[in-house]
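Asker: this one's structure only:
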């Protein structure tokens, strides 16, 4: 009986539940302004997130080491917005806006470039050396259904490190979390 009452209160009260999406591991050590496919060495990691709702969704992002240690960012510096029914693309480590000065950047300066990057210098909880790696895991959280946001991780590298080099690329669909 208690369970029925609690469920009824939750439904009537319109309680919103938090949802998440996880990138279990990424590498983003490629050059900035290298275009797509990249014309320089390293791995260019790009996360694409799509808002399936008719209204904007505010998300929070948190980065982690392979040991599960949170790297942040903390507080209000960890949020970004995905406009209604739109997709954003961002590089988790690189600040890579597509502008007149950097026409081969991979982040829209008004959307993807506003997603906070993985902190490269951390807090006291980050072990020595961990804060300088250009890889990790991340979790994106928002208030709403787990189907409100969907995503994919695409990682590309130029095998020959030249403008005409061979592209090695793979993508991973990001399933909804809790």
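Answerer: Ah, there it is. What you see is a predicted model; the values in this text were computed from it and never measured.
Asker: residue 90 bridge partners, please.
Answerer: Judged by DSSP bridges, the bridge partners of residue 90 are residue 47.
Asker: what residues are up against the spatially most central residue of the chain?
Answerer: Nearest to the geometric centre of the chain sits residue 47, at 5.1 Å (C-alpha atoms, centre = their mean). When contacts are counted by C-beta atoms under 8 Å, 6 or more residues apart in numbering, residue 47 is found next to 23, 26, 89, 90, 91, 92, 138, 151, 152, 153, 174. C-beta coordinates here come from the backbone N, C-alpha and C atoms, glycine included.
Asker: farthest pair within those?
Answerer: Longest distance between any two of the contacts of residue 47 is 15.5 Å, between 91 and 174; criterion C-beta to C-beta.
Asker: would you mind telling me which of those two has the busier surroundings?
Answerer: Applying other C-beta atoms under 10 Å to residue 91 and residue 174 shows that residue 91 carries more neighbours, namely 25 against 20.
Asker: ok, for the more buried one, nearest residue in space, not its chain neighbours?
Answerer: Using C-beta to C-beta, 6 or more residues apart in numbering and skipping residues adjacent in sequence, the residue nearest residue 91 is residue 28, 5.3 Å away.
Asker: check contacts around the one you found.
Answerer: Contacts of residue 28 by C-beta under 8 Å, 6+ apart are 43, 44, 45, 91, 92, 93, 94, 118, 134, 135, 155.
Asker: likewise residue 94?
Answerer: So residue 94 contacts 28, 30, 32, 44, 106, 117, 134 (C-beta under 8 Å, 6+ apart).
Asker: on the pLDDT front, check residue 58 for me.
Answerer: Looking at residue 58, its pLDDT is 97.
Asker: re earlier: just the contacts of residue 28: which are in strands?
Answerer: Those of the contacts of residue 28 mapping onto strands are 43, 44, 45, 135, 155, per DSSP state E.
Asker: hang on, residue 18 packs against residue 140?
Answerer: No: in this structure residue 18 lies outside contact range of residue 140 using C-beta atoms under 8 Å: 11.0 Å.
Asker: okay, these two: which has more neighbours?
Answerer: Neighbours were counted for residue 18 and for residue 140 using other C-beta under 10 Å; residue 140 has more, 23 against 12.
Asker: let me know the pLDDT of the more buried one.
Answerer: On pLDDT, residue 140 comes in at 96.
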